[in-house]
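Chemist: Whatever this is, show me its structure:
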Amino acid sequence: MTIKLITAFVLAFLFASAFGKFYVAWLRKIKAGQEIKENGPTWHMGKTGTPTMGGVMFILAAALVCLTVGFDGMLRGEFVNIFIMLFACVFGAIGFLDDWEKLAKKQNLGLTAKSKFLLQLVASLVFVLLMRQIGYVRPNFYLFFVDKTIYMPEWLYFLISSFIIVGTVNAVNITDGIDGLAAGTSIPVFLFFVAITMVFGDEFEQMGIMASAMIGGLLGFLIYNFNPAKCFMGDTGSLFLGGIIAALAYAYNMPFMLVSLAFVFIIETLSDIIQVGYFKLSHGKRVFKMAPFHHHLEMGGWLGHKWKEKEIFTLFTGISLVMAIISFIVVCKHFMGL
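Modeler: Model (predicted):
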């Protein structure tokens with residue numbers, strides 16, 4: 001199994017890094033450049049025109065690995081990777097439509113928030129229903145940190161799960177606001193899933209292959225997305241990324257581990273919610289200099305230091321790695337009595 005995980009990583013990295021060279025050039029040729037929000041950071045306006053939809057690099061890398069390294073698993077009748085990939089691709093397709101609308105209109109407004117939410121909610125509900133049908137999930141949530149299981153009717157489980165997935169997807173999307181941030185903070189999450197696979201064995205092999213492929217694909221993508229970025233992942237990439245993180249959490253039957261695994265994404269989202277809510281309640285006052293939180297840091301909102309993008313990338317990725325390690329220890333302690 002270890003050889004398969006390594007092969008998945010290497011193959012995905014090589015594909016994403018090699019394909020990216022030609023893909024970024026093609027995006028420039030067709031002028032698929034990102035429009036920067038007018039109400040966003042003014043210093044980001046210089047990034048206007050940077051090619052977007054770069055998430056296609058790691059999406060195709062993951063698909064390639066799924067169909068090659070994971071092929072023998074499919075011969076054994078294990079199709080969970082296909083379900084996860086198709087589900088994440090539905091979110092990627094929603095993101096693609098959003099990106100395409102932005103490119104067509106030459107502005108940073110694509111699909112309406114209501115349209116995206118409804119599409120995501122339906123996709124999430126179908127996925128959870130399918131995973132329940134094939135036996136990968138049960139209508140209960142186990143809370144690892146307090147060692148407690150919450151049982152509930154299936155309809156309530158499906159509803160809550162749908163909102164958890166949609167929330168995770170959009171939290172990743174919000175985090176994708178500076179070069180490399182969404183990719184960098186996601187890699188430790190996938191490392192957690194690979195580590196769980198290596199500890200608990202063949203039961204999770206197919207999912208581990210997918211997680212390993214995502215690490216390789218994201219590292220290959222970071223060659224072009226690390227500051228200064230030559231390409232953005234776009235909503236195509238960020239919605240796919242959030243979708244596959246949520247899908248893996250459910251495939252491992254550990255959805256509430258997202259509380260710790262997605263810690264950075266949650267903080268970013270909460271900062272945005274707090275900012276908007278307080279602005280409305282206080283008639284124009286703000287908690288942060290700008291939301292989400294990474295922009296607050298850029299504007300010197302912590303210790304008076306104006307954080308550079310590479311510094312924020314290092315800080316947030318480091319926090320994500322620490323939370324992934326803590327999550328791994330908690331799971332091992334529960335199942336192995338460590």
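Chemist: CA only for contacts and neighbour counts going forward, please
Modeler: Will do.
Chemist: Low-confidence regions, the protein specifically.
Modeler: 35-44, 46, 105-110, 335-338 (pLDDT under 70).
Chemist: In CSV, could you pull the C-alpha coordinates for stretch 205-224?
Modeler: Extracted C-alpha coordinates of stretch 205-224, given in CSV (Å, rounded to 0.1, in the frame of the first residue of the first chain):
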residue,chain,number,x,y,z
GLU,A,205,-6.5,2.4,0.7
GLN,A,206,-8.6,4.0,-2.1
MET,A,207,-9.2,7.2,-0.2
GLY,A,208,-5.5,7.3,0.8
ILE,A,209,-4.5,7.1,-2.8
MET,A,210,-6.8,10.1,-3.5
ALA,A,211,-5.4,12.1,-0.6
SER,A,212,-1.9,11.4,-1.7
ALA,A,213,-2.6,12.4,-5.2
MET,A,214,-4.0,15.7,-4.0
ILE,A,215,-0.8,16.4,-2.1
GLY,A,216,1.2,15.8,-5.2
GLY,A,217,-1.2,17.8,-7.4
LEU,A,218,-1.3,20.8,-5.1
LEU,A,219,2.5,20.9,-4.8
GLY,A,220,2.7,20.8,-8.6
PHE,A,221,0.2,23.6,-8.7
LEU,A,222,2.1,25.7,-6.2
ILE,A,223,4.9,26.0,-8.6
TYR,A,224,2.6,28.4,-10.5
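Chemist: Please compute how far it lies from its chain's middle.
Modeler: Centroid separation for stretch 205-224 versus its chain: 12 Å, with C-alpha atoms, centre = their mean, to the nearest Å.
Chemist: do stretch 172-189 as well
Modeler: 7 Å.
Chemist: can you give me the end-to-end distance of that stretch?
Modeler: Criterion C-alpha to C-alpha, to the nearest Å; first-to-last residue distance in stretch 172-189 is 12 Å.
Chemist: What are the contacting residues of it?
Modeler: Stretch 172-189 has contacts (C-alpha atoms under 8 Å, 6 or more residues apart in numbering) with 214-215, 218-219, 222, 225-229, 232, 235, 238-239, 241-242, 245, 261-262, 264-265, 268-269, 292, 294, 309, 312-313, 316-318, 320-321, 324.
Chemist: Which of those residues are buried? Put it as a ChimeraX command.
Modeler: Those of the contacts of stretch 172-189 that count as buried under 16 or more other C-alpha atoms under 10 Å are selected in ChimeraX with:
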select :214,215,218,219,222,225,226,227,229,232,235,238,239,241,242,245,261,262,264,265,268,269,292,294,309,312,313,316,317,320,321,324
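Chemist: now, which of the contacts of stretch 172-189 lie within helices?
Modeler: 214-215, 218-219, 222, 225, 235, 238-239, 241-242, 245, 261, 264-265, 268-269, 294, 309, 312-313, 316-318, 320-321, 324 (DSSP state H).
Chemist: Check what contacts stretch 324-338 and list those residues.
Modeler: Contacts for stretch 324-338 (C-alpha under 8 Å, 6+ apart): 144, 145, 147, 188, 189, 191, 192, 195, 196, 257, 260, 261.
Chemist: brain fart, stretch 195-214
Modeler: Contacts for stretch 195-214 (C-alpha under 8 Å, 6+ apart): 1-2, 4-6, 8-13, 58, 61-62, 65-66, 69-70, 73, 78, 80-81, 187, 190-191, 193-194, 248, 251-252, 328.
Chemist: Do you have the helices of this structure handy? List them.
Modeler: Along the chain, counting by DSSP H, helices occupy 2-29, 56-68, 71-75, 80-105, 113-133, 154-175, 181-200, 205-225, 234-251, 258-261, 263-281, 293-298, 309-336.
Chemist: and the direction of the last one versus that of helix 263-281, what angle?
Modeler: Going back to what we said before, that points to helix 309-336. Per axes from the mean of the first three to the mean of the last three C-alpha atoms, to 10 degrees, the angle that helix 309-336 makes with helix 263-281 is 120 degrees.
Chemist: what angle separates helix 309-336 from helix 181-200?
Modeler: Going by the same axes, to 10 degrees, helix 309-336 makes 20 degrees with helix 181-200.
Chemist: what about helix 309-336, distance to the chain center?
Modeler: On C-alpha atoms, centre = their mean, the centre of helix 309-336 falls 15 Å from the chain's centre.
Chemist: Residue 297 contacts residue 307, doesn't it?
Modeler: Yes. Using C-alpha atoms under 8 Å, residue 297 is in contact with residue 307, at 5.5 Å.
Chemist: So for those two, which residue has more residues nearby?
Modeler: residue 297 (23 against 19; other C-alpha atoms under 10 Å).
Chemist: Give the full set of residues in contact with that one.
Modeler: Here residue 297 is in contact with 305, 306, 307, 312 (criterion: C-alpha under 8 Å, 6+ apart).
Chemist: okay, now the first one: neighbour count?
Modeler: For residue 305, the number of neighbouring residues by other C-alpha under 10 Å comes to 11.
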